[in-house]
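sequence and predicted model, in that order:
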Amino acid sequence: MGKLVGFWYLLAAVALTIVWFVVAQIVDLPIIPSPIRVVENLADIFMQYIAIHSLYSLWRIVAGLLLAIAVGLPMGVLMGYFPKTDKFLAPVVYLTYPVPKIALLPILMLLFGVGDLSKVFMIFLIIVFQVVVAVRDGIRAIPKETFYPLYSLGASFKDIFFEVLWPASLPKFITAIRVALATAISVLFFTETFGTQYGMGYFIMDAWLRVNYLEMYSGIVVLSLLGLVLFTTIDFIEKYACDWQYKN
């Protein structure tokens, strides 16, 4: 199964590269260089220039993601399992969730500075609300009758969480992370153009301002591969954490 999935990824990459090559030949302008030249340039400059930028972007995304899980998961569980908690917190979530998170960037920069902390918190704000809502809805969808046998056997909240709540909410939880991560990467690109000299957003925009299209496209390719690594990692975790979904 893994080899088959890898084959389709490879096939998609080849198809996109062929399309890119054809367009580059038709347009024949420096703004769309050939993928062959871009790959050659990427091989030449990756270790010296791009590697450090990709690591900075990766750790910002992972730090924001872990922080969102640490806050959003228990909050979603409490809202889903305890109706009174949901009545209290739901208005707060619904009032703040629709606010475009990128609009909060100036505030975060004033509070946390223009360094890494504001960028991590931006990623956190993008992901945390989707985690909260997904986990809460996953738990609320569990029939009430599911809990009665556990109550009669004297199960603690810890037992109920690990035996019922967590397995039931896990698929929606992972889906929410997958969806939010795409937005997080896009917003991270924007935030990395402010107050930093490291990150893929900075590298790509700097190359664009220097009219170095080979480096710009090299950065775009690396950013795409970075997203691919994150998404395939989530797919891998889902496959083994929610293995019952793949048994049929």
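Received, thanks.

count of neighbours near residue 132?
26 (other Cβ atoms under 10 Å). No exception for glycine: its C-beta is placed from N, CA and C like everyone else's.

ok, now residue 31?
Using other Cβ under 10 Å, residue 31 has 10 neighbouring residues.

surely it meets residue 211?
No: the criterion here is Cβ atoms under 8 Å, and residue 31 misses it with residue 211 at 9.4 Å.

ok, the residue nearest the centre of the chain - contacts?
Taking Cα atoms, centre = their mean as the criterion, residue 181 is the residue nearest the geometric centre of the chain, at 1.8 Å. Shown in contact with residue 181 (Cβ atoms under 8 Å, 6 or more residues apart in numbering): 61, 65, 127, 227, 230, 231, 234.

ok, of those residues, which come out buried?
61, 65, 127, 227, 230, 234 (16 or more other Cβ atoms under 10 Å).

filter the residues you listed down to just the ones in helices.
Using DSSP state H, the subset of the buried ones among the contacts of residue 181 located in helices is 61, 65, 127, 227, 230, 234.

residues contacting the second one?
Pointing back at residue 65 there. Applying Cβ under 8 Å, 6+ apart, we find residue 65 in contact with 123, 127, 177, 181, 184.

okay, the residues you listed in a markdown table with secondary structure next?
Listed next are those as a markdown table, based on DSSP: H, G, I helix; E, B strand; the rest coil:
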| residue | secondary structure |
| --- | --- |
| 123 | helix |
| 127 | helix |
| 177 | helix |
| 181 | helix |
| 184 | helix |
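
closest to residue 12 out of the residues you listed?
For these, the minimum distance to residue 12 (Cβ to Cβ) is 18.8 Å, reached by residue 181.

what about residue 116, how many neighbours?
18.

just the element for the nearest residue to residue 218 once chain neighbours are set aside, please.
Excluding its sequence neighbours, the residue lying closest to residue 218 (Cβ to Cβ, 6 or more residues apart in numbering) is residue 42, at 4.2 Å. Assessed by DSSP states H and E, residue 42 sits inside helix 35-45.
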